[in-house]
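Q: With the input below, show me the fold.
(chains A, B, C and D)
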There are 4 protein chains.
Amino acid sequence: MSGSIFGKRFRVTTWGESHGPAIGAVIDGCPAGIRLDPELIQRDLDRRKPGQSRFASPRREADRAQILSGVFQGYTTGTPISILIANQDPKSGDYDHLSNVYRPGHADYTYQQKYGIRDYRGGGRASGRETAARVAAGAVAKQLLAEFQIEIMAYTYAIGSIKIDPARFDSTLILKNPFAMPDAEAASQASQLLDQLAAERDSVGGTIECIVTGLPLGLGEPVFEKLDAMLAKAVFSIGAVKAVEIGSGTQAAQMRGSEHNDRYRYADGCLVKPSNHAGGILGGISDGSPLRLRTYFKPTPSIGQVQQTVTAAQKNVDLTITGRHDPVIVPRAVVVVEAMVALTLADYLLIGAVSRIDNLKRLFQ
Amino acid sequence: MSGSIFGKRFRVTTWGESHGPAIGAVIDGCPAGIRLDPELIQRDLDRRKPGQSRFASPRREADRAQILSGVFQGYTTGTPISILIANQDPKSGDYDHLSNVYRPGHADYTYQQKYGIRDYRGGGRASGRETAARVAAGAVAKQLLAEFQIEIMAYTYAIGSIKIDPARFDSTLILKNPFAMPDAEAASQASQLLDQLAAERDSVGGTIECIVTGLPLGLGEPVFEKLDAMLAKAVFSIGAVKAVEIGSGTQAAQMRGSEHNDRYRYADGCLVKPSNHAGGILGGISDGSPLRLRTYFKPTPSIGQVQQTVTAAQKNVDLTITGRHDPVIVPRAVVVVEAMVALTLADYLLIGAVSRIDNLKRLFQ
Amino acid sequence: MSGSIFGKRFRVTTWGESHGPAIGAVIDGCPAGIRLDPELIQRDLDRRKPGQSRFASPRREADRAQILSGVFQGYTTGTPISILIANQDPKSGDYDHLSNVYRPGHADYTYQQKYGIRDYRGGGRASGRETAARVAAGAVAKQLLAEFQIEIMAYTYAIGSIKIDPARFDSTLILKNPFAMPDAEAASQASQLLDQLAAERDSVGGTIECIVTGLPLGLGEPVFEKLDAMLAKAVFSIGAVKAVEIGSGTQAAQMRGSEHNDRYRYADGCLVKPSNHAGGILGGISDGSPLRLRTYFKPTPSIGQVQQTVTAAQKNVDLTITGRHDPVIVPRAVVVVEAMVALTLADYLLIGAVSRIDNLKRLFQ
Amino acid sequence: MSGSIFGKRFRVTTWGESHGPAIGAVIDGCPAGIRLDPELIQRDLDRRKPGQSRFASPRREADRAQILSGVFQGYTTGTPISILIANQDPKSGDYDHLSNVYRPGHADYTYQQKYGIRDYRGGGRASGRETAARVAAGAVAKQLLAEFQIEIMAYTYAIGSIKIDPARFDSTLILKNPFAMPDAEAASQASQLLDQLAAERDSVGGTIECIVTGLPLGLGEPVFEKLDAMLAKAVFSIGAVKAVEIGSGTQAAQMRGSEHNDRYRYADGCLVKPSNHAGGILGGISDGSPLRLRTYFKPTPSIGQVQQTVTAAQKNVDLTITGRHDPVIVPRAVVVVEAMVALTLADYLLIGAVSRIDNLKRLFQ
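A: Just a heads-up that it's a prediction; the model follows:
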């Protein structure tokens, strides 16, 4: 496996299995001189942590991030930042019965076939637990971006068919309800839906929207590494994602050019776009408008209903997955989407810095 | 700009501007010993070529691919394959009036701001013409994939709100109508729509579906370089793409786990999945099922209507783009989607080959 | 800093400062299915460990490697292998007086200027302690190479002007004397030299030779990533290295073609080269002969004599470095050279596996 | 083969075989806004060109570089710069007798074994002709470096045992004598030696020294991508190189610390180092002193004497290589060393620009 390193200049390596002693992330390429606040890392980890509401997996993890290197007297030194998060509540014995059976919708079968061996406990490397390391690294990236007043906000846009209503949008609610929904009424409906799903031992998918403001114009590298392409890759690397849209997204396919083209105007000496179907990116390069991205998640594959599947010994069996699992992964994935967007933008900020000789010369004066 | 190289093992560099002397691609990392048929490269280039129907831009380009290196006595030698395509019909004078104005929906503004200079003739590097180089490289990748019986088929799934009907699906039509639609009736409707758009000097978006069969199980590198993530990046790097779906796509967000999970069964000694919501990928690794991917394109931004925009000198102006342009880019983009999927799969075939020590040992016996 | 990741397919990230809580390495891309013996990692770490003889720094470190991920039931799983080594004897207080002064021959000045901040305790990231993480990762690479009967042996070739005598070469001595010298008499002379250097509060340089046997033909990627180029880079990345030779090395410059060219002969159905001036590599590709590489190290810059230097406040000062330091770094660097060679070869084994379509097809049968 | 791309930010892909229709280079990542003078590219190509003296191969090549993309109105645009050099005098028929025999000291055998196929005409991809593409790309890199007053000067330091005498050093001679030697007397001796070698149908090796002045402090990325390591890799990738030294080089191994450590002093407000054993790099980072590097080349393997070798059919044969070849490659390789150093430094200038947050913020003001 050679896919656990993300980025080109702000490079993050994550490691660790769900039921090993720990998971972690190493960031290579973070610029020196950033005042790094460990509390901001912890705050994001807490948003992802299990066991926080009756709508999420009750696994108990403190998820305390230890910074082992790369920070001196409170500042980044330019050397690799190693962050370790201990696993505290693995309960590995729970998984022995899954060692030879492939859970539908999970990666059990493909990992086994690809590698010939897998740590079957809790999904091993394919577990959602791996995303805690992304969140920790993402929180470092956010602190880099904050130096440039770039802000990333994601929230639950939909759970099943329950969508937030833009007319009721209230961003202060995102951190207040267990669904990360900026709409109190939608959150209340979601609560009812999840109770119903619990009764039916079923799960549901959902959608996360992410808005980035303050993004400077000029990030993104054509041709193959357009900013939208790299963001799509970044969020598509989160397990359970099945679709990604930028700006007008799937709607673009049904629109006319006269409608979709964002007009340019100068007003008070500033260039403005009255519309933003582009979602903040043109030709793969950020255009200074807010970046808008939507990510669609499939329903949690672990459900309590009986499911048909097969064993490694090629037998057809009926499988009942015990234990409680998140009936919808979306609320906990909100901060993971933010992390992946932050990692991408931090990387592109460093990459894009040297696209012009005049800029470059300013650095060496 | 540092984004013109694609892939990690099967690495393609494209170069060239719309109105320069030529464009081209260099492939580094193609294995030795593949019988390379130049006609298959030409055939794909011809599918993308302008001027072939009244529904496409009338620019005249022979688009003949010259292979300058990497092939000896008809076989690849393992050294870089350089392919050059001369530009024959640039008509650069047409573009002088665009040197200081930013066309809505195009990359003019972002390139100018990012680089401080741009070749404004025909969109320069951001022109769709750049995709001819991708198609040439993709045709090499397809010949590598063909050695493993992997086949890629893309087609127009929708133009505006006109969708193909699965009940009428006929793959032999893809190369026969100017819309690359595997449905004669939908193609006929599209023809009417485009005549209407021509009259209105407008354009429309559309959707391309791509199916890959014969893909072996095991391609894709978790965690950050999942096969779906890399495919999403690859097709999102095509200009005008606004959304990408794998398998169930956006629909997944509204489904239940009991419905979305693909069951496994053994039948006649083979593992089968009666459904394929996963779209052929689980945990970022191909599962042996057909890969299914949809890409959504925005409408062509070049339209004949008057548009509001601004100049480099910060003036508000009305712009009318003259000349004829593709009223919908989708039919010509079909082979570009195939190319990007082929380049991704060729890369992952090489990457995935060494994930197990037992496989690796077989190579050195 | 973005240089702490080594390799393309067998990728190692190291992290950690000399006086932080720990150092470590993460390996991404190790194939699955290798039986990994932690004792072999420990054995190599013990060869590098300080405090083992009166000729080495007396810092006390257990240097116990903890494997935190990537291994399940004794076998590699293909997921990242994270190895952590705790720092136990930092004595950071010793270094406060060095916070504002630049030690000659060390990286103090360049780090401070490049990053604007540095962890000055014990050299921080630039400390030789960082190489423990390389050794741990190298020991994993060696176990991969052992599956192919590839063996790496390095030893001290010279300390100052004391060279080993090929006529007395005895490889069993390498692990037995504190100088890693395969020649008892040279080791005895070195012992006297080092006692004299201790009395003079001085240090000396030396040379390490590395021989690799069992290397299959075909490793190395022309043009820019020739095997010799990558080996040179790998060992040159060890602090204190000032020169690298492959095969005939600097001598080649004075030789005639008729003398330097290695003849080919077939004998008993095998191709043999009676000489090996090439050092096992032709055209950047291994030729099946033993690989031979020499690395030249400068003398340890930390010496007890008074030295002229400057402070961060731009004052000229006299500096006396207290504490005991290795009077020659070479004996402890022997296993570091082995590690860097092992990491390079492991990487190239994976890279080279897919250079031919016929090989590749064998994998997917 | 996947080794034909050099660099991380200033990325050069070369392609082409000795007897194909052309060779070339594509540069991805060159910053926009550099005034690019094609004559400077041509001047460097002319320094490498064959057929210029009776001491070099008489192959006739105009070696005219065509720039096909990436430059608009005389300035780089930030898009890939494609440079093509046509092959004019291949005389491929000359090589048919070499299709099944392995020339000693050449890459024939290793290429054939690695790839199973090779273009045997003139060495194919392994030909020194490939370095023309490096020189063209290097000349672009030099123009980037010139914006920062960084200058690179290489020259022949030794041919066989004939060394230049520092007391007679005259840099104006480098471009004036056919040996690129900055010492008229040494050049005269070399002339005699080469006449003698011609009579003996033999060849000889030599040494190139390269000095870089004006290099800013701070280039180089510890740990694995130290500037010295990357320079070593860069020049070691030139065919025929057997050793590389930085600063004190092999001599360091015999020196004492008290002698080798470069003292620091402040004089007139500037930090100075009275000596430069480091060769301009400490801890892998440039220290502001001149960079000093030596490269040792083996003798040209193509000699007119009868040589013992084998055929692909496993027969022992005597081989006589006809035609005239360079009796020493070093004079023509001088500009190739410059090119590789330039490419490395251009890359590291871009890489190093973003190591500090304060620098980075200046870019976005």
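Q: Stretch A:47-65 near chain B anywhere?
A: No - shown here: stretch A:47-65 not in contact with chain B (C-beta under 8 Å from any C-beta of the partner chain), separated by at least 14.2 Å. C-betas here are computed from N, CA, C, even on glycine.
Q: Nearest spatial neighbour of A:Ala186, chain-adjacent residues omitted?
A: Spatially, and ignoring its direct neighbours in sequence, A:Ala186 is nearest to A:Ile164 (4.7 Å; C-beta to C-beta, 6 or more residues apart in numbering or on different chains).
Q: any idea how far the one you found is from C:Ser203?
A: Remark: distance between A:Ile164 and C:Ser203 (C-beta to C-beta, to the nearest Å) = 68 Å.
Q: between these two, which one's more packed in?
A: Under the criterion of other C-beta atoms under 10 Å in any protein chain shown, the comparison of A:Ile164 against C:Ser203 puts C:Ser203 first, with 30 against 25.
Q: contacting residues for the more buried one?
A: C:197, C:299-303, C:325-328, D:256-258 (C-beta atoms under 8 Å, 6 or more residues apart in numbering or on different chains).
Q: Most neighbours among those residues, which one?
A: Counting neighbours by other C-beta under 10 Å, C:Pro299 leads those with 31 neighbours.
Q: quick one: which helix or strand includes it?
A: C:Pro299 belongs to no helix or strand when elements are defined using DSSP states H and E.
Q: mind checking the backbone torsions on it?
A: Backbone torsions for C:Pro299, taken as degrees, to the nearest 10, come to phi -70, psi 150.
Q: and A:Asp358, how many neighbours?
A: Burial measure for A:Asp358: 12 neighbouring residues, criterion other C-beta under 10 Å.
Q: nearest residue to it other than its sequence neighbours?
A: For A:Asp358, ignoring the flanking residues on the chain, the nearest one in space by C-beta to C-beta, 6+ apart is D:Gly33 at 5.8 Å.
Q: before we move on, the earlier item: dump the contacts of C:Ser203 to a markdown table, plus distance to B:Ile41.
A: Output for those, formatted as a markdown table (distance: C-beta to C-beta, whole Å):
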| residue | distance to B:Ile41 |
| --- | --- |
| C:Leu197 | 67 |
| C:Pro299 | 59 |
| C:Thr300 | 59 |
| C:Pro301 | 58 |
| C:Ser302 | 61 |
| C:Ile303 | 65 |
| C:His325 | 63 |
| C:Asp326 | 60 |
| C:Pro327 | 64 |
| C:Val328 | 60 |
| D:Arg256 | 64 |
| D:Gly257 | 62 |
| D:Ser258 | 66 |
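Q: from the residues you listed, which ones fall inside helices?
A: Secondary structure assignment (DSSP state H) places C:197, D:257-258 from those within helices.
Q: Of the residues you listed, just say which sits nearest to chain A.
A: Ranked by distance to chain A (C-beta to the nearest C-beta), these are led by D:Gly257 at 25.7 Å.
Q: ok, now how distant is that closest one from A:Gly105?
A: Relative to A:Gly105, D:Gly257 is positioned 63 Å away (criterion: C-beta to C-beta).
Q: separation between the residue nearest to A:Ala186 and chain B?
A: Applying C-beta to the nearest C-beta, to the nearest Å, one obtains 13 Å for the distance of A:Ile164 from chain B.
Q: Now do the same for that residue: its pLDDT.
A: Per-residue confidence (pLDDT) for A:Ile164: 98.
Q: Contacts only, for it.
A: A:Ile164 makes contact with A:155-158, A:181-183, A:186, according to C-beta under 8 Å, 6+ apart.
Q: Over to A:Ile329?
A: A:Ile329 sits next to A:128, A:206, A:240, A:297, A:300 when contact means C-beta under 8 Å, 6+ apart.
Q: Enumerate the beta-bridge partners assigned to A:Leu319.
A: According to DSSP bridges, the partner residues bridging A:Leu319 are A:Gln307.
Q: What sits closest to the residue in the stretch 201-350 of chain A positioned nearest to chain B if chain neighbours are left out?
A: In the stretch 201-350 of chain A, the residue found nearest to chain B is A:Gly283; the distance is 2.3 Å by C-beta to the nearest C-beta. When the adjacent residues along the chain are set aside, A:Gly283 lies closest to B:Ala107, with 2.3 Å between them (C-beta to C-beta, 6+ apart).
Q: now A:Pro21
A: Among residues not flanking A:Pro21 along the chain, C:Leu68 sits closest, at 5.4 Å (C-beta to C-beta, 6+ apart).
Q: Give me the neighbour count for the one you found.
A: C:Leu68 sits with 24 neighbouring residues when counted by other C-beta under 10 Å.
Q: looking at it, it is touching A:Gly20, isn't it?
A: Yes - with contact defined as C-beta atoms under 8 Å, C:Leu68 counts as touching A:Gly20 (6.2 Å).
Q: Identify each of the helices in chain A and give its residue range.
A: Under DSSP H, chain A gives helices at A:38-48, A:108-115, A:131-146, A:184-200, A:227-236, A:257-260, A:330-352, A:357-363.
Q: From the contact counts, what lies against the first one?
A: Read it as helix A:38-48. Helix A:38-48 makes packing contacts with strand A:65-67, helix A:131-146, helix A:330-352 when contacts are defined by 3 or more C-beta pairs under 8 Å, 6 or more residues apart in numbering or on different chains; DSSP states H and E.
Q: now the fourth one
A: Helices and strands touching helix A:184-200, as assessed by 3+ C-beta pairs under 8 Å, 6+ apart, comprise strand A:151-159, strand A:162-163.
Q: which residue does the stretch 201-350 of chain A bring closest to chain C?
A: When C-beta to the nearest C-beta is the measure, the stretch 201-350 of chain A has its nearest residue to chain C at A:Leu350, with 8.4 Å between them.
Q: Model confidence score at that residue, please.
A: Model confidence at A:Leu350, expressed as pLDDT, equals 95.
Q: ok now do it, which residues does it touch?
A: Taking C-beta under 8 Å, 6+ apart as the definition of contact, the neighbours of A:Leu350 are A:9-10, A:29, A:31, D:354, D:360.
Q: Check the burial of the residue in the stretch 151-300 of chain A positioned nearest to chain D by counting its neighbours.
A: With C-beta to the nearest C-beta, the shortest gap between the stretch 151-300 of chain A and chain D falls at A:Pro216, namely 5.6 Å. Other residues lying near A:Pro216 total 16 when counted by other C-beta under 10 Å.
Q: swap in the one 5 residues further on?
A: A:Glu221 has 25 neighbours, counted by other C-beta under 10 Å.
Q: go on, A:Arg60?
A: A:Arg60 sits with 12 neighbouring residues when counted by other C-beta under 10 Å.
Q: Hmm, A:Asp89 and it touching each other?
A: Yes - in terms of C-beta under 8 Å, A:Arg60 counts as a neighbour of A:Asp89; the distance is 4.6 Å.
Q: Now do the residue of the stretch 151-300 of chain A closest to chain D, the pLDDT please.
A: Looking at A:Pro216, its pLDDT is 95.
Q: same check, this time on the one 3 residues further on
A: Confidence at A:Leu219, expressed as pLDDT, is 97.
Q: and the closest residue to A:Val317 other than its chain neighbours, what are its bridge partners?
A: Counting by C-beta to C-beta, 6+ apart, the nearest residue to A:Val317 once its immediate chain neighbours are dropped is A:Thr311, at 5.7 Å. Residues in a beta bridge with A:Thr311, per DSSP bridges, are A:Val101.
Q: OK, contacts around whichever residue of the stretch 101-250 of chain A sits closest to chain B?
A: Of the residues in the stretch 101-250 of chain A, the one nearest chain B is A:Ala107, at a distance of 2.3 Å by C-beta to the nearest C-beta. Residues near A:Ala107 by C-beta under 8 Å, 6+ apart: A:123, A:126, A:239, B:222, B:282-285.
Q: Turn those into a markdown table, including distance to A:Val336, pLDDT and neighbour count.
A: Below are the contacts of A:Ala107 laid out as a markdown table (distance: C-beta to C-beta, whole Å; pLDDT from 0 to 100; neighbours: other C-beta atoms under 10 Å in any protein chain shown):
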| residue | distance to A:Val336 | pLDDT | neighbour count |
| --- | --- | --- | --- |
| A:Gly123 | 15 | 91 | 26 |
| A:Ala126 | 14 | 95 | 25 |
| A:Gly239 | 9 | 95 | 26 |
| B:Pro222 | 15 | 94 | 27 |
| B:Leu282 | 19 | 98 | 31 |
| B:Gly283 | 16 | 97 | 26 |
| B:Gly284 | 15 | 98 | 27 |
| B:Ile285 | 20 | 98 | 30 |
